[in-house]
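Visitor: have a look at this fold, sequence not included:
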Ligand code: ADP
Ligand code: MG
């Protein structure tokens, strides 16, 4: 059966369906509801709850009336219905044709808002004859994102029609798996995801479809992993890290040393390294990355280090250049800010091998960059890049280079499986010695004057401070602090203090951050551009204005700007929000500095969709699954996928064939 065979689908609607990717009845049935409305409880008129949406069943008591009212001449259609317990007036505006639709003596189901003025009245409800199959009342009603040309009601009816004509529901999961994980058959799942007969069946249907979705995504990840593991890797000969470690200004922590050893082993065994280093802000991931670079360089290979922002890339560049100059290696910095001439020279050095270490932003994955002998690709702050970008960088070599990714965002283990299922994971679970817990407070804006005093006090002790604003410039929402105005106010309040500002649209961020690090600037008012990458050990205070506008992970990341030295540091979150979730976030922040704990909390609070800011950041988006509420199913799907041979006929060249 084709979609054009469905009643009510002509040329226009066929195009409309196709425009959202629905080409067949099967596609149509895979267009799941985005939500549900439980209208299964049908009330008596005497039980109606005013100022709420009610579903009611009643017989039309009189001939409907329709009249033009008011100066603007809108029409009002009035229907009086009755049941054993009373009568109710229902009105619609500007739908005069309804007068002919409702027949006196016939019974209908209505769902709509009930208002109580002089009497109870239902306003513009959904309606359908009680004698027909109930689609929009008296049941759990699906709510779709309807394609163009369809209303909620017409689309719902179309799905219902398609379900009636559908004959085959091909199973996608094997009988074994369905039995083991107690999953219903696909037909039950599809029918009940659209028109659930009851709540139990709905939950069963949903679980089955969530499982299916997660199962195939896990299989795909395992497949990628198997592919990478089967790949040949460049062999880095083992060497003594001692000269490298001697050049560092500190001794590595045990955790750092362990991860360095893991990298040495990964890169020396003939297979390709594909490793994620997870470590909280300030745990010292950079030194580990540099150890890997040292290993590559000593073995005669180039390393590329990609960072998500110019500020962070610049910071790595400065550090790297200084460190590796000691060993006679050249570091280059490729950024959007290079002049055409600089760029040409840098590209040439990369191509002829003069450049040993290449640092940059997304510029590194541009087609034009030709590497001479790329042996190692490092991506910093991985969570800010998508999987595709990571893969793009690692495709740059002749023989596949080793891959190392670093992430400060502590990711709950289960989510890590999805994001990084294709990677081996190392965790740096230790901070460098001497770090003190950052004291965190939450205040409202009435404390701002006192905060100025706090800033003054820290500056008087030769410390530095950050103030974070949600906006760069004055915007529409005047209750949100912006960098420009804040700087003006603060400069007026603290004229003796050297204050500067920084936001994403500014050109020379590097110069400013350098001045801040050098202590020439005492207070830096900035947007979240400083979220990653500025490392100023002397900064001991960070004030985050409009803290309600940031998620937990982001607040944690921002807080990581201070506490980088050995002095006691402070984080002050300013918000006037009384929102319960916001309060909970603030409380969590003031109670713990453990990024992993915060990540779990964040996940619970916001659901996985928001966790990474937006969905583009490498987290696959799912049609039915919700990574937060479906973590349990994810574990099962993962287990099932593992038990499945990755070379089963489910695969053709890495693409998943979903309709077996
Ligand atoms: P992150 O893991 O957030 O990238 P960084 O690599 O930027 O952390 O390190 C944070 C700071 O800690 C840097 O100033 C770095 O020099 C310092 N650091 C790293 N490892 C050690 C160590 N083992 N002992 C002392 N300081 C360290
Ligand atoms: Mg870092």
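Guide: Received it, and whenever you're ready, just let me know what you need. Predicted model only: the values in this text are computed from it and were never measured. Numbers count the residues shown, from 1 in each chain. Ligands and ions are numbered 1, 2, ... in the order given.
Visitor: need the contact list for residue 108.
Guide: Counting by C-beta atoms under 8 Å, 6 or more residues apart in numbering, residue 108 makes contact with 57-58, 60, 81, 102, 127-130. (C-beta placed from N, C-alpha, C; glycine too.)
Visitor: and the helix or strand containing residue 456, average pLDDT?
Guide: Taking DSSP states H and E as the definition, one finds residue 456 inside helix 448-460. Average pLDDT, helix 448-460: 93.
Visitor: likewise for stretch 238-252?
Guide: For stretch 238-252, mean pLDDT rounds to 93.
Visitor: got the contact list for that stretch?
Guide: 260, 264, 268, 284, 287, 290-291, 294-295, 298-299, 323, 326-327, 432.
Visitor: lowest pLDDT pick from these?
Guide: Across those, the smallest pLDDT goes to residue 432, namely 88.
Visitor: what's the separation between that residue and ligand 1?
Guide: Residue 432 sits at a distance of 3 Å from ligand 1 (criterion: C-beta to the nearest ligand atom, to the nearest Å).
Visitor: then residue 215?
Guide: Taking C-beta to the nearest ligand atom as the criterion, residue 215 is separated from ligand 1 by 34 Å.
Visitor: surely that residue and residue 639 touch.
Guide: No - Residue 215 is not in contact with residue 639 according to C-beta atoms under 8 Å; the separation is 9.8 Å.
Visitor: for these two, indicate the residue with more neighbours.
Guide: More crowded of residue 215 and residue 639, by other C-beta atoms under 10 Å: residue 215, with 24 against 14.
Visitor: is that one located within a helix, as I assumed?
Guide: Yes - looking at residue 215 with DSSP: H, G, I helix; E, B strand; the rest coil, it is inside a helix.
Visitor: contacting residues for the closest residue to it other than its chain neighbours?
Guide: Among residues not flanking residue 215 along the chain, residue 637 sits closest, at 4.2 Å (C-beta to C-beta, 6 or more residues apart in numbering). Residues near residue 637 by C-beta under 8 Å, 6+ apart: 211, 214-215, 218.
Visitor: quickly find the element holding residue 637.
Guide: Using DSSP H and E, residue 637 maps to helix 631-643.
Visitor: over to residue 223?
Guide: Applying DSSP H and E as the criterion places residue 223 in helix 199-230.
Visitor: quick one, that helix and helix 631-643 angle?
Guide: Counting by axes from the mean of the first three to the mean of the last three C-alpha atoms, to 10 degrees, helix 199-230 lies at 40 degrees to helix 631-643.
Visitor: packing partners for helix 199-230?
Guide: Under the contact definition 3 or more C-beta pairs under 8 Å, 6 or more residues apart in numbering; DSSP states H and E, helix 199-230 sits against helix 186-194, strand 274-279, helix 413-420, helix 631-643, strand 655-656.
Visitor: most tightly packed of those?
Guide: Most buried of those, by mean neighbour count (mean count of other C-beta atoms under 10 Å): strand 274-279, with a mean of 24.
Visitor: so residue 260 touches residue 291, yeah?
Guide: Yes - applying C-beta under 8 Å, one finds residue 260 in contact with residue 291, separated by 4.5 Å.
Visitor: how close does residue 220 get to residue 156?
Guide: 33 Å (C-beta to C-beta, to the nearest Å).
Visitor: show me the shaky parts of this protein.
Guide: Regions of the chain meeting the criterion pLDDT under 70 cover residues 367, 382-399, 409-414, 417-422, 531-533, 606-621, 627-628, 644-660.
Visitor: go again with 50.
Guide: Counting by pLDDT under 50, the ranges of the chain that qualify are 609-618, 646-660.
Visitor: what about the helices in the stretch 501-650 of the chain?
Guide: Counting by DSSP state H, counting those that start in this stretch, the stretch 501-650 of the chain has helices at residues 509-517, 552-559, 580-591, 595-611, 631-643.
Visitor: ok, now the stretch 1-150 of the chain?
Guide: 11-19, 25-29, 98-101.
Visitor: residue contacts, whichever residue of the stretch 51-200 of the chain sits closest to ligand 1?
Guide: Distance from ligand 1 to each residue of the stretch 51-200 of the chain (C-beta to the nearest ligand atom) is smallest for residue 181, at 38.9 Å. By C-beta under 8 Å, 6+ apart, the contact set of residue 181 is 211, 636, 640.
Visitor: got the residues of the stretch 151-300 of the chain near ligand 1?
Guide: By C-beta under 6 Å from any ligand atom, the part of the stretch 151-300 of the chain that sits against ligand 1 consists of 250, 252-253, 256, 279, 281-287.
Visitor: from those, which land in helices?
Guide: Using DSSP state H, the subset of these located in helices is 256, 285-287.
Visitor: how about the residues of the chain that lie near ligand 1?
Guide: Counting by C-beta under 6 Å from any ligand atom, the chain comes close to ligand 1 at 250, 252-253, 256, 279, 281-287, 408, 432, 535, 564.
Visitor: report the two of those residues separated the most.
Guide: Using C-beta to C-beta, the pair of those lying farthest apart is 250 and 408, separated by 18.8 Å.
Visitor: of these two, who's got more company?
Guide: Using other C-beta under 10 Å as the criterion, residue 250 and residue 408 rank with residue 408 on top: 25 against 12.
Visitor: can I assume that one is in contact with residue 279?
Guide: Yes - Residue 408 lies in contact with residue 279 (C-beta under 8 Å); the separation is 6.8 Å.
Visitor: now the common contact residues for the two.
Guide: With contacts taken as C-beta under 8 Å, 6+ apart, residue 408 and residue 279 have residue 285 as neighbours in common.
Visitor: ok, back up a step: return the most buried member of the helices of the stretch 1-150 of the chain.
Guide: helix 25-29 (a mean of 18).
Visitor: figure out how far that one is from the centre of its chain.
Guide: Distance, stretch centre to chain centre, for helix 25-29: 28 Å (C-alpha atoms, centre = their mean, to the nearest Å).
Visitor: picking up where we left off before, just name the closest of the contacts of residue 181 to ligand 1, please.
Guide: Nearest to ligand 1 out of these is residue 636 (C-beta to the nearest ligand atom; 33.6 Å).
Visitor: residues contacting the closest one?
Guide: The contact partners of residue 636, by C-beta under 8 Å, 6+ apart, come to 181, 211.
Visitor: heads up, I number from 22, so please use that
Guide: Understood, numbering begins at 22; the last thing we discussed is residue 657.
Visitor: measure stretch 256-269 end to end?
Guide: 25 Å (C-alpha to C-alpha, to the nearest Å).
Visitor: next helix or strand past the helix holding residue 244?
Guide: Next along the chain after helix 220-251, taking DSSP H and E as the criterion, comes helix 263-268.
Visitor: just to revisit the earlier point, from residue 221, how far out is the residue nearest to residue 236?
Guide: The gap separating residue 658 from residue 221 is 21 Å, by C-beta to C-beta.
Visitor: next one: residue 157
Guide: Going from residue 157 to residue 221 by C-beta to C-beta gives 22 Å.
Visitor: which of the two has more residues huddled nearby?
Guide: residue 157 (21 against 10).
Visitor: so that one touches residue 177, yeah?
Guide: Yes - with contact defined as C-beta under 8 Å, residue 157 and residue 177 form a contacting pair (6.6 Å).
Visitor: give me the common contacts of these two.
Guide: Joint contacts of residue 157 and residue 177 (C-beta under 8 Å, 6+ apart) do not exist.
Visitor: strands of the stretch 22-171 of the chain, start to end?
Guide: Secondary structure of the stretch 22-171 of the chain (DSSP state E, counting those that start in this stretch): strands at 56-59, 73-81, 86-90, 95-104, 107-114, 128-137, 141-150, 161-164.
Visitor: with distance to residue 331 added, can I get those strands in TSV?
Guide: As requested, those are exported to TSV (distance: least, C-beta to C-beta, whole Å):
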stretch	distance to residue 331
strand 56-59	41
strand 73-81	51
strand 86-90	62
strand 95-104	57
strand 107-114	55
strand 128-137	52
strand 141-150	53
strand 161-164	44
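Visitor: between the ones you listed, which gets nearest to residue 373?
Guide: strand 56-59 (58.5 Å).
Visitor: list the buried residues of the closest one.
Guide: Within strand 56-59, the residues that count as buried by 16 or more other C-beta atoms under 10 Å are 57-58.
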